[in-house]
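**Q** need a 3D model of the following:
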Amino acid sequence: MRDNSIEFHEKINNKIAYLESLITATGNNQTVWVTNFYEFFDKFFLQRNWIELFNTLSERFHYNYSDSEEEKKACIPFADYLLRMAGIPIIPTGIPIIPTVIPTIPVHQFQGMEDIIPKIFKIYNQLGSYFITYTENYEKARLVYHFMEIFFQHNTQATAIINHQMGYIFRRVRKHDEAIDYFNRALTRYDNTQEVDRVTTLLHLGSTYRDRYRDTNQNPKDLQEAEKYLDLSFQTTEAILESPNFTAEQKQKQMVSIMHCQGQLYRLQNKLAEAKTMFEKTLEIKRRIYGDIHSDVGIALQELGTTLGLHSEHKLAIDYLSKAVKILEQCHPSKTTHRVAFAVGELGYYGYYLGGEYKTAVSTLQDAKERLLAALRNNLDHSDIQLCQEFLAVASKAYQAQQDRIAKYKEPEENTASQKTEAAKEQQDEQEEISYKLSI
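**A** Here you go, the predicted model:
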């Protein structure tokens with residue numbers, strides 16, 4: 001069990017305060033931050049007591065996506081320590097402008113650090129993943145990977161992974177062009193030992209083209225690119241499945257990732273029966289890999305529930321989306337994280353609204369909107385707020401129209417067959433007016 005003693009935290013705080021005094025002595029400019037960080041590392045980090053401190057933090061912060069929730073929460077006290085060790089807190093408040101030109105750090109700067117550099121990569125990659133997948137703090141994640149982009153610029157293997165992670169961050173905040181650029185950079189840097197990583201990047205690159213098709217002007221070329229990169233990921237995965245160099249679990253995870261993306265592509269193409277089948281298989285495999293309570297299982301339930309709602313299986317959609325919300329709430333430190341908030345929004349729209357339960361849809365979407373607003377402190381993406389507001393407006397209009405119809409036809413003896421038919425047609429016409437976007 002990780003040591004969370006007061007004495008341990010005081011010891012780290014004292015050392016970190018000294019570190020910050022060294023780095024901030026010459027200002028808060030990002031270029032100065034980078035330069036001073038390397039000067040600090042060169043002059044001070046190699047001293048024995050600093051290496052021991054870093055090793056201690058490394059032992060206490062070992063985040064993996066498949067960790068239990070207790071293990072993930074145990075990482076929280078140590079995450080900011082690792083940020084501070086990289087000099088990140090001195091970045092001015094707000095979204096920093098990341099330089100397009102990466103400062104060059106001489107290779108000789110790292111002489112004498114060969115043994116600890118792999119550990120630095122591992123711990124900061126875990127830290128970036130922690131901010132992306134657990135706290136959904138994309139601003140901090142981007143700072144971590146920008147720091148790594150500079151630190152490991154001479155290591156092609158490391159740079160490929162860093163480029164992928166930067167691409168993923170930009171994809172999550174809907175900056176499609178930047179995401180595509182970083183994913184392509186990653187693909188040019190992978191070597192023959194990184195086939196699993198290559199498949200992951202191909203999948204995300206295809207998914208980014210799909211996102212851009214959905215979110216912008218629906219250029220057919222983007223959909224063609226999405227299909228192309230998904231096919232490439234299939235081809236690469238076939239080689240992995242036949243290779244003895246990968247475990248059965250690695251192979252399962254690769255297949256389920258491809259199935260997930262294929263399901264999303266089917267849904268975008270309005271092939272709902274195929275999408276439903278694909279998400280059912282995905283859910284089954286994810287439960288086998290992770291158990292019942294895991295974020296990936298919650299996401300699989302969310303995807304299946306959304307598809308069922310579009311497929312007019314409304315009761316099942318509400319059931320699956322409700323389960324997704326409960327699991328995702330258990331798997332995140334705050335109920336206001338973006339993933340949880342958006343799952344609530346999809347329950348409101350694809351479950352209750354499309355199922356005709358307008359009053360519940362309005363209250364659920366209002367809840368989702370409030371959660372999304374609360375999540376903005378950690379999330380750079382505002383587009384989902386706009387989408388949720390659109391869904392809420394549509395549901396509110398439908399609910400009001402429903403109330404008006406009830407008032408209009410409220411006397412049973414006056415409800416002739418023609419009036420009932422007219423009321424049903426009004427409701428159907430309103431449904432057909434809705435143009436919605438899929439936003440996962």
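
**Q** can you list the low-confidence ranges for this structure?
**A** Low-confidence segments of the chain (pLDDT under 70): 1-74, 76-77, 80-81, 83-116, 333-336, 375-388, 391, 405-406, 408-440.

**Q** could you chop it up by domain?
**A** Listed domain ranges for the chain are 1-154, 184-290, 292-298+313-440 (source: automatic domain parsing).

**Q** could you measure from residue 148 over to residue 235?
**A** Between residue 148 and residue 235 the computed distance is 30 Å (C-beta to C-beta, to the nearest Å). C-beta here means a position set from N, CA and C on the backbone, and glycine is covered the same way.

**Q** which of the two has more neighbours?
**A** Taking neighbours as other C-beta atoms under 10 Å, residue 148 and residue 235 compare with residue 148 leading, 24 against 10.

**Q** so who does the more buried one touch?
**A** Applying C-beta atoms under 8 Å, 6 or more residues apart in numbering to residue 148 gives the contacts 121, 124, 125, 128, 158, 162.

**Q** so which strand or helix has it?
**A** Element membership for residue 148 (DSSP states H and E) is helix 138-151.

**Q** if you count contacts, what does the next helix or strand after that helix end up packed against?
**A** Per DSSP H and E, helix 138-151 leads on to helix 156-172 as the next helix or strand towards the C-terminus. Applying 3 or more C-beta pairs under 8 Å, 6 or more residues apart in numbering; DSSP states H and E, we find helix 156-172 packed against helix 117-129, helix 138-151, helix 176-189, helix 195-215.

**Q** can you show me the CA trace of the third one as PDB?
**A** Extracted as PDB, the C-alpha positions of helix 176-189 are listed here (Å, rounded to 0.1, in the frame of the first residue of the first chain):
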ATOM      1  CA  HIS A 176      -9.400  17.600 -35.700                       C
ATOM      2  CA  ASP A 177      -6.600  19.100 -37.900                       C
ATOM      3  CA  GLU A 178      -4.100  19.200 -35.100                       C
ATOM      4  CA  ALA A 179      -5.000  15.600 -34.100                       C
ATOM      5  CA  ILE A 180      -4.500  14.300 -37.600                       C
ATOM      6  CA  ASP A 181      -1.100  16.000 -37.800                       C
ATOM      7  CA  TYR A 182       0.100  14.400 -34.600                       C
ATOM      8  CA  PHE A 183      -1.200  11.000 -35.500                       C
ATOM      9  CA  ASN A 184       0.600  11.200 -38.800                       C
ATOM     10  CA  ARG A 185       3.800  12.200 -37.100                       C
ATOM     11  CA  ALA A 186       3.500   9.100 -34.800                       C
ATOM     12  CA  LEU A 187       3.000   6.800 -37.800                       C
ATOM     13  CA  THR A 188       6.300   8.000 -39.400                       C
ATOM     14  CA  ARG A 189       8.200   7.300 -36.200                       C
END
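
**Q** mind listing residues that contact it?
**A** For helix 176-189, the surrounding residues in contact (C-beta under 8 Å, 6+ apart) are 156-157, 159-161, 163-164, 166-168, 170-171, 197-198, 201-202, 204-205, 208-209, 211-212, 215-216.

**Q** buried subset of those residues, written for PyMOL?
**A** A single PyMOL command selects the buried members of the contacts of helix 176-189 (16 or more other C-beta atoms under 10 Å):
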select buried, resi 159+160+161+163+164+166+167+168+170+171+197+198+201+202+204+205+208+209+211+212+215
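
**Q** of the contacts of residue 148 - the most surrounded one?
**A** Among the contacts of residue 148, the one with the most neighbours (other C-beta under 10 Å) is residue 162, at 29 neighbours.

**Q** that one contacts residue 144, correct?
**A** No - applying C-beta atoms under 8 Å as the test, residue 162 and residue 144 come out as separate, 9.6 Å apart.

**Q** returning to that earlier point: farthest pair within the contacts of residue 148?
**A** 128 and 158 (12.2 Å; C-beta to C-beta).

**Q** so residue 332, which of the three states?
**A** Residue 332 falls in the coil class when you classify it by DSSP: H, G, I helix; E, B strand; the rest coil.

**Q** could you measure from it over to residue 134?
**A** 7 Å.

**Q** also residue 165?
**A** Separation of residue 165 from residue 134 (C-beta to C-beta) stands at 14 Å.

**Q** also residue 216?
**A** Applying C-beta to C-beta, the value for residue 216 to residue 134 is 30 Å.

**Q** ditto for residue 303
**A** According to C-beta to C-beta, residue 303 and residue 134 sit 20 Å apart.

**Q** re earlier: turn the contacts of residue 148 into JSON lines, including distance to residue 284.
**A** Shown next, in JSON lines, are the contacts of residue 148 (distance: C-beta to C-beta, whole Å):
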{"residue": "121", "distance to residue 284": "35"}
{"residue": "124", "distance to residue 284": "35"}
{"residue": "125", "distance to residue 284": "30"}
{"residue": "128", "distance to residue 284": "30"}
{"residue": "158", "distance to residue 284": "35"}
{"residue": "162", "distance to residue 284": "34"}
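
**Q** ok, of those residues, which one's closest to residue 245?
**A** Distances from residue 245 to the contacts of residue 148, taken by C-beta to C-beta, are shortest for residue 158, at 20.5 Å.

**Q** quick check, the closest one in contact with residue 145.
**A** No - in this structure residue 158 lies outside contact range of residue 145 using C-beta under 8 Å: 10.9 Å.
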